[in-house]
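Asks: Okay, sequence plus prediction incoming.
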Amino acid sequence: MSNDLMTPDLDDTVEPGPSYPQFGTPMVLAGSVLVAASAFLSWSYDREPLGDVSITGNPAPTQYLALIIGVLGIVLFLGRGPLARFFSWFDETAALRGLGFGAVAFALAVILAIFANTSGLINVDPGGWILLVGSIALAFGAEQLPAGRTHADPLRSKTSSWTEILAIIALLTGVLFLAAYALAMEDGYAFLALLAFLGAISATLIRGGFFQWLSIATAKHRQVLMLGAVVVAFLFPFTQDGRDANMTIATQIIVFAITALGLNIVVGLAGLLDLGYIAFLGAGAYVSALLSGSATSHLGFQLPFWLTAIIGACVASTLGLIIGTPTLRVSGDYLAIVTLAFGEIFRITVNNLDGINGPSITNGPNGVSGIPELNLFGFDFGQPHTLGGFTLTRYANYYFLLLLLGAFVILVFTRLNNSRIGRGWVAIREDERAAEAMGVNVFGLKLFAFAGGAFLAGLAGTIKAHQDLAISPDQFVFLESAFLLAAIVLGGMGTVAGALVGATMLKLLPEKLRFLENYRLLMFGILLVLMMRFRPEGLVASKRRQLEFHEDDQELAEAIQVEHLETKEAQA
Amino acid sequence: MQFLQQLLNGLTIGSLYALIAVGYTVVYGIVQLINFAHGEVFMIGAFGALATWSLLFKGTTAIWVLPIIILGAMLASVSVALLMERIAYRPLRNAPRLAPLITAIGISVILQEGVRLFYPEAKSSLSFPGIDIVTGPPIAIGGLDLRRSTIFIILALIVCAVGLWVFINRTKQGRAMLAVSQDPDTARLMGVNVDRTIAIAFALGALLAAVAGVAQGLHTRTVTFNMGFMAGLKAFTAAVLGGIGNIQGAVAGGLVLGVIEALATQYLGGATWANVWAFVLLIIVLVFWPQGLLGAKVVDRA
């Protein structure tokens, strides 16, 4: 890797099976045009599916997505010729292949939606079939394209700072609008089509090398990214204008994400598997509920919230220490079982402290209800507020509080990860004995991971209790711990973005894909198995983790090394 | 008398734990994998038996039905166990240890949900058929209530344990299993088919779990789609208690755990706390005595 250009890889130009390069070019163009044109045709005879896609000449929102895919195909196609001067590092051919696959997935989602919402495929109008044919032509044609010109390595491209900052801002703004748009969707199938569309766009960008470029750009402008993300998250409630449905989901996602981040310290950084993590959230929630002055609390006294928050977090943290102690002797699978057992002990215990089977503390299976709204510094979280013409409901109030906590947790997570402690955890994760021999305080750091992660989860729990107004033991079952673990596994172990992406997916998808409700858990199980088989490091993987799961992949190792060096250089 | 009665209850439930625990131990001994989904194999066994009975002998309660429904249970659980070994675990054999564990959680969810969604009316608990001789009225012996299913369960444990011992120590395939558990690479060099041996370990565990599933069904007369979770966790506790990887240990651990649980129910706060004591025991054993009651193996697998 000494010169600036990637050496063209000869193996890539030889496609397996018969190859018809002469068909590639016209097929890609024709396919893109067909997909774009289908947006203006009727897809369905019936008005029901996808918010009425039955009118010719007047595209519905979902049909605009097809238009975007088609136009993107044409632009990328031209990018191979006239537009090649811009973004010299963007590999249009690979991007077109990604787009082709995504377009087929999108077309299939559309046809599935029409099929499921009406009496059958008979209701698919020619426009729908044109979309499918066009996308298949696009996918097939892109596969036949000869490998494009040699591209600059996206990692080594020198773009101006302004381009990079603008790209980051554009991306974040896109995320905000996308979130508002996606959350406003009522129709599960339209949401599915949107997911397929997003998949198509991401596949295009990933294959084209955009994210590699972006990772360098964000490393260079970390402050811009951070600030932008905070602003976007802060602006989100304003897009909802007083509606509660989506704010409920958003607050749930944040609580879940904070807990997942805490777990990510234990699992992702220190490599200790914890299957009873939900108990820490539960401990925080119960402490907060019992000390809140709720009518059903048997403690009979009330403490100010800031004090209960600290007590709750400390109780959770103490539990973390207790659970962490066996790690001195126990590791790996055994630790998983020990933590699972702890989680079950917690659940059964709060279930039993009902005055019949044990001391009367937690109301047993009924849980604590009637928890008062938070009131901090005279600000009542239960009342809607108006700010600059926008109504902010009680969920929005809790959202802002949780957002603050989330920002704090992310700060703690990244600072820990980059510190001596974080490096100690990595050392323990990779080889405990070697770490110990090198003078890493193995036991202390393991305990700290447990206690620290538990502290954050407990803190989230104290707010959760107030926000939900009621808690009961059945919110803290093993399956919830499994969900938390799945969020990290799905998103990517050891990264902030991974935990956020995973938590969002696991909470948002079931809310929006209601037609799958009965099969939700089944899908969840299948997803876990498939992820472990094909991408064990998660969607947004930390590079180091990725290598741990693919030890034999020399090319990946080299690519990661180059990226690591470039990032360091960009930051300097 | 109360004490003896609880001892008897403990031995019954302990024999069930022991039958399931053997499955954990056999698989762990060979591939050092905790097959988290083993509890679900047990559940599938119970449903396999129920399905066989409802398809072939609906309404029959004669004893000759019993062997056939046990066969049905075995067929169901062995095929599920082999399938999951082949599809999910085998591709991950050299992956970091986190991967198979999470896969196992996934499989466990898939199996539970699969039964809940696709077995007719399995969303709530289903009643399990009775077999006159096994589920008839209890026998009174000097003030003790000896349930007939207890006799069946203890007999089943004895038969299975002896059969397993003979298989492992007296057959060629059994020796192959011992060889693989000691050193897979050398075993392969000696001409042992390692893949097949591992599959056989899964199948053996599933056979015993199927027997346990039928026994549990006959004992409680109900089966539910989530009966495997707690049973699996307890059986794992039993396996650890006895020393994981050690078959005699699993049997001993199961019986000890069952008895402790029954006594705890009687003397330590009732049935709602029994599970807590079982898990406390698990943690204490793992922390202070990780090699278990009979295991000589040092726990040093990460």
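Replies: Structure's in. What do you need?

Asks: packing partners for the longest helix along chain B?
Replies: Looking across chain B with DSSP state H, the single longest helix is helix B:2-31. The contact analysis (3 or more Cβ pairs under 8 Å, 6 or more residues apart in numbering or on different chains; DSSP states H and E) places helix B:2-31 against helix B:38-56, strand B:144-146, helix B:148-170, helix B:172-182, helix B:194-220, helix B:227-242, helix B:247-267. For glycine as for every other residue, the C-beta is placed from the backbone atoms N, C-alpha and C.

Asks: Can you mark which positions in the fourth one are buried?
Replies: Right, the one you point to is helix B:172-182. Within helix B:172-182, the residues that qualify as buried by neighbour count (16 or more other Cβ atoms under 10 Å in any protein chain shown) are B:174, B:176, B:177, B:179, B:180, B:181.

Asks: Could you name the helices and strands sitting against it?
Replies: Using 3+ Cβ pairs under 8 Å, 6+ apart: helix B:172-182 touches helix B:2-31, helix B:148-170, helix B:184-189, helix B:194-220.

Asks: And for the third one, what's in contact with it?
Replies: Contacts with helix B:184-189, where a contact means Cβ atoms under 8 Å, 6 or more residues apart in numbering or on different chains, come from B:176, B:179, B:180, B:194, B:197.

Asks: now do the second one
Replies: With Cβ under 8 Å, 6+ apart as the test, helix B:148-170 has contacts from B:8, B:11-12, B:15-16, B:18-19, B:22, B:133-139, B:173-175, B:177-178, B:204, B:207-208, B:211-212, B:215, B:218-219, B:247, B:251.

Asks: how much does that helix deviate in direction from helix B:2-31?
Replies: 30 degrees (axes from the mean of the first three to the mean of the last three Cα atoms, to 10 degrees).

Asks: mind listing what's buried in helix B:148-170?
Replies: For helix B:148-170, by 16+ other Cβ under 10 Å, it's B:148, B:149, B:150, B:152, B:153, B:154, B:156, B:157, B:160, B:161, B:164, B:168.

Asks: Measure how far the longest helix of chain B is from the centre of its chain, please.
Replies: Centroid separation for helix B:2-31 versus its chain: 8 Å, with Cα atoms, centre = their mean, to the nearest Å.

Asks: and the helix or strand hosting residue A:343, anywhere near chain B?
Replies: Per DSSP states H and E: residue A:343 is located in helix A:332-352. Yes: with Cβ under 8 Å from any Cβ of the partner chain as the criterion, chain B is reached by helix A:332-352 at A:332-334, A:336-338, A:340-342, A:344-345, A:348-349, A:351-352.

Asks: how many other residues sit next to residue A:439?
Replies: Residue A:439 has 9 neighbouring residues, counting by other Cβ atoms under 10 Å in any protein chain shown.

Asks: Helix, strand, or coil at it?
Replies: Of the three states, residue A:439 takes coil under DSSP: H, G, I helix; E, B strand; the rest coil.

Asks: That one and residue A:427: what is the separation?
Replies: To residue A:427, residue A:439 is 10 Å away according to Cβ to Cβ, to the nearest Å.

Asks: Nearest to residue A:124, out of the contacts of helix B:184-189: which one, please.
Replies: residue B:194 (51.3 Å; Cβ to Cβ).

Asks: neighbours of the closest one, just the number please.
Replies: 17.

Asks: sorry, back to before: which one of the buried residues of helix B:172-182 sits closest to chain A?
Replies: residue B:181 (16.4 Å; Cβ to the nearest Cβ).

Asks: Does that closest one touch residue B:30 like I think?
Replies: Yes: here residue B:181 reaches residue B:30: they are 4.8 Å apart, a contact under Cβ atoms under 8 Å.

Asks: Thanks a lot, see you next time.
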